[in-house]
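Undergrad: model this:
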Amino acid sequence: MKYLKFALLVLVVSTVVVGWSSAYIVDETEQVVVTQFGDPAGKPIQKPGLYFKAPFVQTAHYFDDRFLEWNGDSNEIPTKDKRFIEVDTYARWRITEPLTFYQRLGNEQSAQSRLDDIIDGATRDAVANHELLELVRASNRAPNIDPDLKKKRKKLKEMEKEIGKENEATPELKDIDVGRPEIMRNVEKKIADNVSDLGIEVIDMRFKRINYNDQVREKVYDRMIAERERIAELYRSEGRGEAAEIRGKKEKELDKIGSEAEKEAQKIRGGADGKVTDIYAQSYQKDPDFYQFLRTMETYPETIGPDSKLLMSTDGEFFKHLREFEDMDTSGN
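TA: Model prediction:
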């Protein structure tokens, strides 16, 4: 009886172990390749569900069925125009043929390492075959720069050409034949050709960042500062010129207003003097003796001071009127 119970227990345990080792579950985010002694056994399992395999002799290898990320290291690469830049890239990929993937790469870590070589190599070739302007621009559409600043840059370039000097601080923005999007598409195509026999597919690849290295970056900043200072000085010189022009116009307007005012004043004074002369003439015509007397009286304060001494003839006009005053005082009239 005891042997029977022990045999049943062994049978149950064996059944559970065999069932556990033969059954496997495929999640919706997974795909499975079953191998027997290292060789593939059947087609890959890419649909979720419960599956069975031969216990102990077959093994289930699980691979991710989702999009996977690849982040490359920043690399310093020279461009076609000999500019050393740091390029940082990223990509998204997935396993499309799990059996081929297993046979060629084995696991995701090996795939990541292989992608490092393929994507970095394709990126390096693309950067080395194109100029920096093509790598950072997408098209020949004019960048969104202040129109006034564009005019200043253009004027600055014209001034430099006139004096026979070209400054790298104000380079000409030339057109490009190939832009960044097309370069990335070419890189993706090259990557796709290199991974086509690995059972994987690169979904997307992008230049995450393109930047100068530290030494070149300092030079670029210095050039940018120099350009802004030159443009600022151009603004200041134009401001000084406009200020001088405004001051000149002001002086001219002031002189014009002053001359017109003086002309009008002379005209008014001339009219007043004419009226005075007419009044004097009319007064003289009405009473010549009184006019002569009045004019003589007006002359006394201008010619005789407090300490003045007069020597006059008895026939003079001055003495005549003084004598009349004396006669008027003695007569009381």
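Undergrad: return the residues in contact with the closest residue to G49 other than its chain neighbours.
TA: Spatial nearest neighbour of G49, excluding adjacent residues (Cβ to Cβ, 6 or more residues apart in numbering): V26 at 5.9 Å. Any C-beta I mention is one placed from the backbone N, CA and C, and that applies to glycine too. Going by Cβ atoms under 8 Å, 6 or more residues apart in numbering, V26 touches V32, I45, Q46, K47, P48, G49, L50, Y51.
Undergrad: quick one, phi psi at V26?
TA: phi -110, psi 120 (degrees, to the nearest 10).
Undergrad: quick check, pLDDT for it.
TA: pLDDT, V26: 86.
Undergrad: which element is R223 on?
TA: helix 214-286 (DSSP states H and E).
Undergrad: same question, I85
TA: Going by DSSP H and E, I85 is part of strand 84-95.
Undergrad: could you export the helix or strand just after that strand as PDB, CA atoms only?
TA: Once the chain leaves strand 84-95, the next helix or strand it forms, by DSSP H and E, is helix 98-104. Listed next in PDB are the C-alpha coordinates belonging to helix 98-104 (Å, rounded to 0.1, in the frame of the first residue of the first chain):
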ATOM      1  CA  PRO A  98      13.000  36.100 -34.800                       C
ATOM      2  CA  LEU A  99      14.600  32.900 -36.200                       C
ATOM      3  CA  THR A 100      17.100  34.800 -38.300                       C
ATOM      4  CA  PHE A 101      17.700  37.100 -35.400                       C
ATOM      5  CA  TYR A 102      18.500  34.200 -33.200                       C
ATOM      6  CA  GLN A 103      20.800  32.500 -35.700                       C
ATOM      7  CA  ARG A 104      22.700  35.700 -36.500                       C
END
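Undergrad: so which elements touch helix 98-104?
TA: Judged by 3 or more Cβ pairs under 8 Å, 6 or more residues apart in numbering; DSSP states H and E, helix 98-104 is in contact with strand 30-36, strand 39-40, strand 58-64.
Undergrad: figure out which of those strands is closest to I257.
TA: strand 58-64 (88.3 Å; Cβ to Cβ).
Undergrad: buried set for that closest one?
TA: Neighbour-count burial for strand 58-64 flags Q58, T59, A60, H61, F63 (criterion: 16 or more other Cβ atoms under 10 Å).
Undergrad: then stretch 28-48?
TA: Of all the residues in stretch 28-48, those buried under the rule 16+ other Cβ under 10 Å are E30, Q31, V32, V33, V34, T35, P44, I45, Q46.
Undergrad: likewise stretch 178-195?
TA: Residues of stretch 178-195 classed as buried: G179, R180, I183, M184, N186, V187, E188, K190, I191, N194, V195 (neighbour count, 16+ other Cβ under 10 Å).
Undergrad: what does it contact?
TA: 91, 93, 114-115, 118-119, 122-123, 125-126, 130, 134-139, 201-202, 204-207.
Undergrad: can you tell me which of the residues you listed are buried?
TA: Judged by 16+ other Cβ under 10 Å, buried ones among the contacts of stretch 178-195: 91, 93, 114-115, 118-119, 122-123, 126, 130, 134-135, 137, 201-202, 205, 207.
Undergrad: distance of E86 relative to K80?
TA: 16 Å (Cβ to Cβ, to the nearest Å).
Undergrad: before we move on, what about G38?
TA: 48 Å.
Undergrad: run through the stretch 101-250 of the chain and note the low-pLDDT ranges.
TA: 141-174, 216, 220 (pLDDT under 70).
Undergrad: same thing but at 80, please
TA: 138-176, 212-224, 226-228, 230-231, 234 (pLDDT under 80).
Undergrad: got the domain boundaries for the protein?
TA: The chain breaks down by automatic domain parsing into domains covering 21-63, 68-240.
Undergrad: circling back: which two from the contacts of V26 end up farthest apart in space?
TA: Q46 and L50 (14.7 Å).
Undergrad: elements contacting the strand or helix carrying L135?
TA: Element membership of L135, judged by DSSP H and E, is helix 132-136. Here helix 132-136 touches helix 180-195, strand 200-212, going by 3+ Cβ pairs under 8 Å, 6+ apart.
Undergrad: with only the CA atoms kept, save the last one in PDB.
TA: Extracted as PDB, the C-alpha positions of strand 200-212 are listed here (Å, rounded to 0.1, in the frame of the first residue of the first chain):
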ATOM      1  CA  ILE A 200      15.800  43.200 -37.600                       C
ATOM      2  CA  GLU A 201      14.400  46.500 -39.000                       C
ATOM      3  CA  VAL A 202      15.500  50.000 -38.100                       C
ATOM      4  CA  ILE A 203      12.200  52.000 -37.900                       C
ATOM      5  CA  ASP A 204      13.600  55.500 -37.500                       C
ATOM      6  CA  MET A 205      16.900  57.200 -37.100                       C
ATOM      7  CA  ARG A 206      17.600  60.900 -36.200                       C
ATOM      8  CA  PHE A 207      20.400  63.200 -35.400                       C
ATOM      9  CA  LYS A 208      19.500  64.100 -31.900                       C
ATOM     10  CA  ARG A 209      22.100  66.800 -31.600                       C
ATOM     11  CA  ILE A 210      24.800  68.400 -33.800                       C
ATOM     12  CA  ASN A 211      27.200  70.700 -32.000                       C
ATOM     13  CA  TYR A 212      30.700  72.100 -32.400                       C
END
